[in-house]
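S.K.: have a look; sequence and predicted model below, questions after that.
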Number of protein chains: 2
Amino acid sequence: MARNKYPEETVEKILDVSTRLFMENGYDQTSIQDIIDQLGGLSKGAIYHHFKSKADILLAIVDRVSAGKAEEMQAIVADATLTGAAKLRQMFLSSFKDSTQRELIASMPNLVKNPQLLSLHLSNTIEDVVPHYILPVIQEGIDDGSIQCDYPQEMADVLMLLTNVWLNPLIYPATQEGIRRKIALFNQILASLGFPTLEAGLDEHIQLVGEKMSRLQNKDVLDTLEVHLL
Amino acid sequence: MARNKYPEETVEKILDVSTRLFMENGYDQTSIQDIIDQLGGLSKGAIYHHFKSKADILLAIVDRVSAGKAEEMQAIVADATLTGAAKLRQMFLSSFKDSTQRELIASMPNLVKNPQLLSLHLSNTIEDVVPHYILPVIQEGIDDGSIQCDYPQEMADVLMLLTNVWLNPLIYPATQEGIRRKIALFNQILASLGFPTLEAGLDEHIQLVGEKMSRLQNKDVLDTLEVHLL
DNA sequence: ATTTATAATACCGACTGACGGTATGTATTG
DNA sequence: CAATACATACCGTCAGTCGGTATTATAAAT
């Protein structure tokens, strides 16, 4: 294909196609050739000019997604009108309603069956989200009296593990009723530990996830890991 | 190499070598040839006679490990002298002191950097441990009055996520002091939700993990995922 | 301002080496 | 003599490389 005057467009195109394929078929099950085939005339040389390896593409994808998330989080952290507790609640809600994640969910059958992505998701949670966003906000909540907590670091870990993993329907598939029960228990845990609970505003989220999940159950993709591993 | 009269020995040998290599270098970074090289005369034909694929080796490894775990768990579940709460406490303790896991820990730098193993670990937790061991015992505890719980299924998920993931030093690296704080918070959560807490008997575990972790920190293996991904 | 020379970038596509897996053959056991 | 336990040469596929070409950016010279 002819050379593009604006190479960022090519980069975006590669990332778009790769994202879709990685989500739909998994990282291992997507070959560079698969990506090329959907690129509309671009060749292997183009890919390896812009990315130094297949893994590098995956990392760029994750970076692009987390950049969007980080922006939302930053906005909440910076809002001086909110207490620490209020910020934390906002962050929970925003992570549920995350529009980027919405789109990803739509094309991904099950994150547990995409080991590379699962690992990156978890290590991003541990090494990035907790220390840069959650922990500071909890500390703020303790200082302004809106949160009681003896072990901030550890609570930050637990909260993110619950929201990003357990409440993630891509990892723990759940029905609408199941999600309702999870949120109820999550609130119970929060309350008993001196944290602010989630209230309304989640109905839309619950319904969307429920629909997605019932659609998935029809296409029996919820079997064991062997599917994607073999 | 000459044909072995007792082929199970060959199978075990292949599993032993593969386990070590997968733990040390990761699944993707270990080639069949690497395994052959450490097998002492055995060839590719031997491997593919006993296992139908590389992934099949990994599954056999996981099966062997979980078989050992399952046995321990079954013994606790079957003990008629214990209440549900006591059984659950026993299961927590046994999972901490698991001797098989001990050996694995010794050769694995970080589970998050071994995506395939992490996925299998998590999906094993979700699809096997929770429904077959934890949930029935919680139910038993509710029936005999030793546990109070409104959402047994959800609590089973949360408890296993915390013990198998958050309290797993291979996933969440921690110092001795860090582990102490985690266990303290874990107890706080358990207590506030009507569950039995962990008490003594963990000091040895804490010390062992602490030593392992400080040894790891010296060999800077605790960097980002890219290491193993690239 | 236009041309011209040069360098840097964007991309192509044939090729390579390594890998997982297969096929066929052979020796040993039952 | 049938089934099993291997050995080994071979195959297809894949990620990644490399030399090449065409396009654009840079900037000096006219």
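M.R.: Thanks, I have the structure now. All figures in this text were calculated on a predicted structure; none of them were measured in a lab.
S.K.: for chain A, what's the longest helix?
M.R.: helix A:54-78 (DSSP state H).
S.K.: which elements pack onto that helix?
M.R.: helix A:7-25, helix A:84-97, helix A:99-107, helix A:115-124, helix B:226-229 (3 or more CB pairs under 8 Å, 6 or more residues apart in numbering or on different chains; DSSP states H and E). Where you see a C-beta, it was placed from the backbone N, CA and C, and this is true even at glycine.
S.K.: what residues of the host helix or strand of residue A:178 count as buried?
M.R.: Using DSSP states H and E, residue A:178 falls within helix A:176-192. Buried residues in helix A:176-192, counting neighbours by 16 or more other CB atoms under 10 Å in any protein chain shown, are found at A:176, A:178, A:179, A:181, A:182, A:183, A:185, A:186, A:188, A:189, A:190.
S.K.: next one: stretch A:194-208
M.R.: A:194, A:195, A:196, A:198, A:202, A:205, A:206, A:208.
S.K.: okay, buried residues for the longest helix of chain A please.
M.R.: A:54-62, A:65-66, A:69, A:72-73, A:76-77.
S.K.: hmm, that helix touching DNA strand D?
M.R.: Yes: contact of helix A:54-78 with DNA strand D (CB under 7 Å from any atom of the strand) involves A:54, A:55.
S.K.: near DNA strand C at all, that helix?
M.R.: No: using CB under 7 Å from any atom of the strand, helix A:54-78 never reaches DNA strand C; the gap is at least 12.1 Å.
S.K.: for chain A, which residues are neighbours of DNA strand D?
M.R.: Residues of chain A lying near DNA strand D (CB under 7 Å from any atom of the strand): A:2-3, A:5, A:30-33, A:44-45, A:48, A:52-55.
S.K.: list buried residues within those residues.
M.R.: A:30, A:54, A:55.
S.K.: break chain A into its domains for me.
M.R.: A:1-51, A:55-229 (automatic domain parsing).
S.K.: now the longest one, how far from the centre of its chain.
M.R.: Once both centres are worked out by CA atoms, centre = their mean, to the nearest Å, domain A:55-229 turns out to sit 7 Å from its chain's centre.
S.K.: now that domain: average pLDDT?
M.R.: Averaging pLDDT along domain A:55-229 yields 85.
S.K.: what residues does the closest residue to residue A:47 other than its chain neighbours make contact with?
M.R.: Nearest non-adjacent residue to residue A:47, counting by CB to CB, 6 or more residues apart in numbering or on different chains: residue A:14, 6.0 Å away. Taking CB atoms under 8 Å, 6 or more residues apart in numbering or on different chains, we find residue A:14 in contact with A:35, A:39, A:42, A:46, A:47, A:50, A:51, A:57.
S.K.: what's the burial count for the closest residue to the fourth one other than its chain neighbours?
M.R.: Nearest-residue entry for residue A:46: residue A:10, 6.3 Å, with adjacent residues in sequence omitted and distances by CB to CB, 6+ apart. Applying other CB atoms under 10 Å in any protein chain shown, we find 18 residues neighbouring residue A:10.
S.K.: quick one, grab the pLDDT at residue A:10.
M.R.: 96.
S.K.: picking up where we left off before, just the ones of the residues of chain A next to DNA strand D in helices?
M.R.: A:32, A:33, A:44, A:45, A:48, A:54, A:55.
S.K.: farthest pair within those?
M.R.: Greatest spatial distance in these: A:45 and A:55, 18.5 Å, computed using CB to CB.
S.K.: turn the contacts of residue A:14 into CSV, columns for distance to residue B:89.
M.R.: What follows is the contacts of residue A:14, written out as CSV (distance: CB to CB, whole Å):
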residue, distance to residue B:89
A:35, 51
A:39, 56
A:42, 59
A:46, 59
A:47, 54
A:50, 55
A:51, 50
A:57, 47
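S.K.: neighbours around residue A:108, how many?
M.R.: Going by other CB under 10 Å, the residues that sit close to residue A:108 add up to 23.
S.K.: got the confidence number for the residue of chain A found nearest DNA strand C?
M.R.: Residue nearest to DNA strand C within chain A: residue A:45 (1.7 Å; CB to the nearest atom of the strand). Residue A:45 is assigned 96 on the pLDDT scale.
S.K.: turn the buried residues of helix A:176-192 into TSV, columns for distance to DNA strand C.
M.R.: Shown next, in TSV, are the buried residues of helix A:176-192 (distance: CB to the nearest atom of the strand, whole Å):
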residue	distance to DNA strand C
A:176	39
A:178	35
A:179	37
A:181	40
A:182	37
A:183	41
A:185	41
A:186	40
A:188	46
A:189	43
A:190	45
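S.K.: which one of those residues is nearest to chain B?
M.R.: Closest approach to chain B among the buried residues of helix A:176-192 (CB to the nearest CB): residue A:185, at 4.5 Å.
S.K.: need the contact list for the closest one.
M.R.: Contacts of residue A:185 by CB under 8 Å, 6+ apart are B:150, B:151, B:154, B:155, B:158.
S.K.: for residue A:158, same thing?
M.R.: Taking CB under 8 Å, 6+ apart as the test, what residue A:158 contacts is B:162, B:166, B:185, B:189.
S.K.: what's the most distant pair in those?
M.R.: B:166 and B:189 (10.7 Å).
S.K.: surely residue A:176 meets residue A:204?
M.R.: No: with contact defined as CB atoms under 8 Å, residue A:176 does not reach residue A:204; the gap is 11.7 Å.
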